[in-house]
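>>> Take a look and give me a structure for this.
(4 chains)
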Protein chains: 4
Amino acid sequence: RSSARETAARVAAGGVARAALARLVPDLRITGYMVQMGPHAIDRARFDWEEIARNPFWAPDAEAAGAWAERLDELRKTGNSVGAVVEVTARGVPAGLGAPVYAKLDAELAGAMMSINAVKGVEIGAGMDAATLTGADNADEIRMGNDGPRYLSNRAGGVLGGITTGQDVVVRFAVKPTSSILQPRRSITRTGEEVEIVTRGRHDPCVGIRAVPVGEAMMACVLLDHLLLDRAQTGGARGPVG
Amino acid sequence: RSSARETAARVAAGGVARAALARLVPDLRITGYMVQMGPHAIDRARFDWEEIARNPFWAPDAEAAGAWAERLDELRKTGNSVGAVVEVTARGVPAGLGAPVYAKLDAELAGAMMSINAVKGVEIGAGMDAATLTGADNADEIRMGNDGPRYLSNRAGGVLGGITTGQDVVVRFAVKPTSSILQPRRSITRTGEEVEIVTRGRHDPCVGIRAVPVGEAMMACVLLDHLLLDRAQTGGARGPVG
Amino acid sequence: RSSARETAARVAAGGVARAALARLVPDLRITGYMVQMGPHAIDRARFDWEEIARNPFWAPDAEAAGAWAERLDELRKTGNSVGAVVEVTARGVPAGLGAPVYAKLDAELAGAMMSINAVKGVEIGAGMDAATLTGADNADEIRMGNDGPRYLSNRAGGVLGGITTGQDVVVRFAVKPTSSILQPRRSITRTGEEVEIVTRGRHDPCVGIRAVPVGEAMMACVLLDHLLLDRAQTGGARGPVG
Amino acid sequence: RSSARETAARVAAGGVARAALARLVPDLRITGYMVQMGPHAIDRARFDWEEIARNPFWAPDAEAAGAWAERLDELRKTGNSVGAVVEVTARGVPAGLGAPVYAKLDAELAGAMMSINAVKGVEIGAGMDAATLTGADNADEIRMGNDGPRYLSNRAGGVLGGITTGQDVVVRFAVKPTSSILQPRRSITRTGEEVEIVTRGRHDPCVGIRAVPVGEAMMACVLLDHLLLDRAQTGGARGPVG
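Residues are numbered from 1 along each chain as shown, chains lettered A, B, ... in the order given. Okay, the predicted model is just below:
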């Protein structure tokens, strides 16, 4: 059966992938962080890349981290658990990675993230909210900046038609709350007897926190796969857009 | 480059898959429908399977269909477009399909749905909302019914640990609004000149509607793949849970 | 770099495959044996299945085994080595395994056997000799026997058009002599200096002998793959021909 | 069922592969030719690359071509057919293509050639004859020439341990005689009735001739696959050995 213990192997593979990426695309940076715990989301206005490594939640918003710490203590006391949303951003991704029909980059990222234990939803760029937008609002407009083309927004999350645009690749995924809780839940035995289940042993009130490095690892593996495919085709000529 | 014209091939493949599924699992029914257009969602209290085929939006809620029709007329007049959320439900799926590490059913469904043109988010069961729940609320409790085990909810969307539970498999995906709109958007030319783009020709204000049969086709293909893998392993012994 | 040490993993995988095959096709028997050492071939008129396990060469011909033993002693004394031909026969293979274009059974067997270290040639049925025959001589004619159809010969080696016929599947492969010998051979160093190489350490005058269980393992793995594919398609209805 | 009509698609794919190879490795030349028809082999002492395109058998030996023409007329008159051996040589292959365990170049070449309709045996370099040699005779010795390392023989056929050595890659395969002949052969009907079969219609006395361009196509496809894999790994730095 499935167990999150296997994610250790994913993080190891991600480490190898990141070492290879560091040589092939030195400017590539893959960063995962938590943007929501239960119903409490970070405030994007306070987003700070430096903050991520400073708190135990990989939160880019120090205030949110403080609030989450309190909430987590309550959950621990009541033996309950809570879900989370993790976001992984890859900056410095060359434009042109991916493919238009088979092996689309967004499809492979979605499969990779959904394969992480306890994940129930995956979003790229605007994600599920893309459904609420009009075409006029959803368009990522482009102007010329001093260093070449400049997108005015990134609702596409760096992928259009299965291929990277040169913008940041932004993926989010929802991690459900641990099912192993101390509050009794109704279930049945193999023979059909009705019982109440309480899971004793190590209690982990928010597994979403542990999913952050796993999400980074999956991003690294998928990007390296596509970078190698691209090198085979182009001999490694991809660079930044513009 | 990517074009939604290729989805014709997906629907054709889905037709073959559904014919095979009909012989192997006669009770399996795969149904797609739209649950949201722009910010306007259906009312789940009015959900009616019979209604889906009666309106041009594949909406299971007649009132929502009426409201969407009006909204679509406005969008057509202003040359704008809008996103949508499509849900695909597979009823009568045998328990035990999928795998615990590689080829997890939810991972393959996510990849398949995200590969559909214009899709930016994929959810299974509670989806992104799973992040907001506590473990106590998220648990799908089980009691014994007259016909065997009966789940009291389906937040898992029919898949746990990569493997079907025998509950309905429920997948949702967000389709972004068409980028081909008559309202001018800022872009640049190949040589870096700043321009405003208007896409003339056939204008499609909500491509989400057309994505409904494509989503059904992808569900059929993924389920058949796993049913065949299961037959190889078990000789075809899977039946309903309980 | 390549090393025959990895064949231990192949034999282990073959053991798992044989255990699965034993449950799915109880009458299937996979037997490997040496049919040639250097230029000395067995006499097919003396072929005896029982003899194979009785001598250290897996030879089905006791006289050949005796001659090979003497020859091997000479080679050991002179620090030389010799090649061999190994044959693997699978008896009781259901008809209908394989595929007509992709994943042809003979193509996969050839790839599997050629992937064994030191193998330089692979034959199925009549093999390279098929080139010398006329169509009239090559045809495997069929008559009705008491237990159903009876082939009068097996030049096809049990595979026609990529699919098993129900006859024995017969594969042969040539193993080149070990390159690690005590007789000096001319070579160069990395910097281009001309040298003579002698390989000291454990000397193995005929690695073909060790390739027998490896060939059996590859046959088991390929047959199980195709049996599982067939079960997926047919639900496991394959039986003996007729 | 299997039909050699599908080889048209292989030759088309080979054409695309050769176009890509021509850009990536301009000095690479892939040449197929027949070296044996029935029991009549070419004389290697008369081998002439220029002769191959001059006769309808792709024979590198003009005398053999003449003898084969006479033999073919007899076979046509008697409604019989004959087998053949085709050799495909790739000159100018960079050293280092292939892999040591999975995706060994020789294993993939063997699978590719055996997948051609009517092929029953595949050899690389010395092939089945490698079994008859001693280690001293089989070694391809190396000396320094004016332009770098120079092999004194090519019994390895350009592949050692699954990886190219920079020598010519030499693959041979046996094509069995057509089974569709005018001489009656014994068979049975579906219901088990004993009959004699004669195949009327277009009679092709030596399909081996038609297999020459198919073998070239398979060589091109396999080499391009490995060249692209190598470019992904190395960025395209492979050149000639030395």
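>>> and the helix or strand that contains A:V86, which strands flank it?
Using DSSP states H and E, A:V86 sits within strand A:84-91. Here strand A:84-91 has these sheet partners by DSSP bridges: strand A:29-37 (antiparallel), strand A:169-175 (antiparallel).
>>> okay, those strands in TSV with distance to D:M128 and mean neighbour count next?
C-beta here means a position set from N, CA and C on the backbone, and glycine is covered the same way. Output for the strands paired with strand A:84-91, formatted as TSV (distance: least, Cβ to Cβ, whole Å; neighbours: other Cβ atoms under 10 Å in any protein chain shown):
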stretch	distance to D:M128	mean neighbour count
strand A:29-37	52	22
strand A:169-175	53	28
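>>> Tell me which of the ones you listed sits nearest to A:A4.
Comparison of these against A:A4 by Cβ to Cβ identifies strand A:169-175 as nearest, at 10.2 Å.
>>> Could you measure from the residue nearest to A:A156 when sequence neighbours are not counted over to A:E141?
Distances taken as Cβ to Cβ, 6 or more residues apart in numbering or on different chains place A:G125 nearest to A:A156, at 4.8 Å, with adjacent residues excluded. Note on A:G125: its distance to A:E141, by Cβ to Cβ, to the nearest Å, is 14 Å.
>>> who's more crowded, the two?
Neighbour comparison, A:G125 and A:E141: the larger count goes to A:G125, with 26 against 14 (by other Cβ atoms under 10 Å in any protein chain shown).
>>> what's around the nearest residue to A:P100 once chain neighbours are set aside, how many residues?
Closest residue to A:P100 apart from its sequence neighbours, by Cβ to Cβ, 6+ apart: B:S2 at 4.1 Å. Close neighbours of B:S2, defined as other Cβ under 10 Å, add up to 17.
>>> these two touch, right, B:S2 and A:D106?
No - the criterion here is Cβ atoms under 8 Å, and B:S2 misses it with A:D106 at 10.3 Å.
>>> what is in contact with the two at once?
Both B:S2 and A:D106 are contacted by A:G162, under the criterion Cβ atoms under 8 Å, 6 or more residues apart in numbering or on different chains.
>>> residue ranges with poor pLDDT in chain A?
Along chain A, segments meeting pLDDT under 70 span A:236-242.
>>> any chance you could map the strands in it?
For chain A, applying DSSP state E gives strands covering A:29-37, A:40-41, A:84-91, A:119-124, A:142-145, A:148-151, A:159-160, A:163-164, A:169-175, A:185-188, A:194-197.
>>> for those, which one sits closest to D:A217?
Across those, closest to D:A217 is strand A:163-164 (Cβ to Cβ), at 30.2 Å.
>>> now the closest one, how far from the centre of its chain.
Taking Cα atoms, centre = their mean, to the nearest Å, one finds the center of strand A:163-164 at 17 Å from the center of the full chain.
>>> How about that strand and chain B, touching?
Yes - looking at strand A:163-164 against chain B by Cβ under 8 Å from any Cβ of the partner chain, the contacts come from A:I163.
>>> Same question for stretch A:189-200.
Yes - part of stretch A:189-200 sits near chain B under the criterion Cβ under 8 Å from any Cβ, namely A:192-194.
>>> Kindly reformat those residues as a markdown table containing neighbour count.
Formatted as a markdown table, those follow (neighbours: other Cβ atoms under 10 Å in any protein chain shown):
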| residue | neighbour count |
| --- | --- |
| A:G192 | 11 |
| A:E193 | 9 |
| A:E194 | 12 |
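>>> In a markdown table: the residues you listed, plus distance to A:G32.
A markdown table is the format used below for those (distance: Cβ to Cβ, whole Å):
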| residue | distance to A:G32 |
| --- | --- |
| A:G192 | 43 |
| A:E193 | 43 |
| A:E194 | 41 |
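>>> could you dump stretch A:4-15 to CSV, C-alpha only?
Taking Å, rounded to 0.1, in the frame of the first residue of the first chain, the C-alpha atoms of stretch A:4-15 are listed here in CSV:
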residue,chain,number,x,y,z
ALA,A,4,4.7,8.7,2.4
ARG,A,5,8.0,7.0,3.5
GLU,A,6,8.7,6.6,-0.2
THR,A,7,9.0,10.4,-0.6
ALA,A,8,12.6,10.1,0.8
ALA,A,9,13.5,8.5,-2.5
ARG,A,10,11.9,11.4,-4.4
VAL,A,11,13.9,13.9,-2.5
ALA,A,12,17.1,12.0,-3.1
ALA,A,13,16.3,11.9,-6.9
GLY,A,14,15.5,15.6,-6.7
GLY,A,15,18.9,16.2,-5.3
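>>> picking up where we left off before, let me know which of the strands of chain A is the nearest to B:I30.
Nearest of these (Cβ to Cβ): strand A:119-124, 20.2 Å.
>>> is any part of the closest one close to chain B?
Yes - for strand A:119-124, a contact with chain B is found by Cβ under 8 Å from any Cβ, at A:119-124.
>>> buried set for stretch A:130-140?
A:130-136, A:138-140 (16 or more other Cβ atoms under 10 Å in any protein chain shown).
>>> ok, now stretch A:226-239?
Buried positions in stretch A:226-239, judged by neighbour count with 16+ other Cβ under 10 Å: A:226-233, A:236, A:238.
>>> Name the surrounding residues that touch it.
A:21, A:24-25, A:94-99, A:103, A:105, A:108, D:228-229, D:231-233, D:235-236.
>>> Let me see the contact set for the residue nearest to A:P100.
A:100-101, A:104, A:160-163, B:117.
>>> In chain A, where's the longest helix?
In chain A, taking DSSP state H as the definition, the longest helix is helix A:208-234.
>>> how big is the angle separating it from strand A:169-175?
Here helix A:208-234 runs at 140 degrees with respect to strand A:169-175, directions being taken by axes from the mean of the first three to the mean of the last three Cα atoms, to 10 degrees.
>>> Taking strand A:119-124 as reference, get the angle to helix A:208-234.
50 degrees.
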